[in-house]
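**Q** Just need the structure, nothing else, for what follows:
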Amino acid sequence: MQLFIGGAGAGKHAAVSERFPTARWHRLTPGDALDAWNESLADGMILVVTGWTAWLEAALAVERDDDRLRGRLVAALETLAVVESEAGSPVVLILPEMGRGIVPMEPELRRLRDLVGWLAQDAAARAEAVWYVRHGLIKALK
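**A** Below is the predicted model:
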C-alpha cells in the first residue's frame, strides 16, 4: 500500500496519475459502504482510493462514536492490505492533510480533522511508502 498525503490543491491527484497512469480509480461516495471499491478491483490492477473527506463527513453525521468509526476505517485499511497481498492488486490511497490550518470552533469540524488525522496515522502505519505532496513537489516520508 502506498499513501499520498497533502493539503487541498497540493498536486496529489496529478502525482498519482503520473506515477500510476493505468490505475483504476475509486472515489468513496458518501453513504456507501467502505468496501465499495471492490467493484473497481481487478486482479493485478492498481487501485487508487480517494474521496475520504466527503465519506467521513457523511459518516460523522450518522455515527456519534469516534472510536467505532475509527475502527471501521482501520478494518477497511486491513481489508485493502489483504486484497493487495492476495490479489496482487497494488493499492494507493490519497488522503487530505488537515492538521496545518486553524482549528475550527465547530465541534463537527474538529471531529472531522481528528478522524482524518487518525486515518492518516493508521494508513501510514500500514503503508510500505508514504509520500507528502506540497506545491506539486513530492517528498518520501517512508
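**Q** Not counting its own residues, what contacts the top helix by length along the chain?
**A** If you go by DSSP state H, the chain has its longest helix at helix 66-87. With C-beta atoms under 8 Å, 6 or more residues apart in numbering as the test, helix 66-87 has contacts from 1, 34-35, 37, 41, 43-44, 47, 49, 56, 59-60, 63, 89-91, 93, 111, 114-115, 118-119, 122-123, 126. (C-beta placed from N, C-alpha, C; glycine too.)
**Q** Asp66 - how many residues pack around it?
**A** 13 (other C-beta atoms under 10 Å).
**Q** Three-state assignment for the residue in the chain sticking out farthest from the centre, please.
**A** What lies farthest from the middle of the chain is Met105; by C-alpha atoms, centre = their mean that is 24.7 Å. Secondary structure, DSSP: H, G, I helix; E, B strand; the rest coil: Met105 is coil.
**Q** so what's Asp32 up against?
**A** Asp32 sits next to Trp55 when contact means C-beta under 8 Å, 6+ apart.
**Q** Ramachandran coordinates for it?
**A** Phi and psi for Asp32, reported as degrees, to the nearest 10, are phi -80, psi 160.
**Q** Tell me how far it lies from Glu18.
**A** 28 Å (C-beta to C-beta, to the nearest Å).
**Q** hmm, back to that, give me the subset of the contacts of helix 66-87 lying in strands.
**A** Mapping the contacts of helix 66-87 onto strands (DSSP state E) picks out Leu47, Val49, Val91, Leu93.
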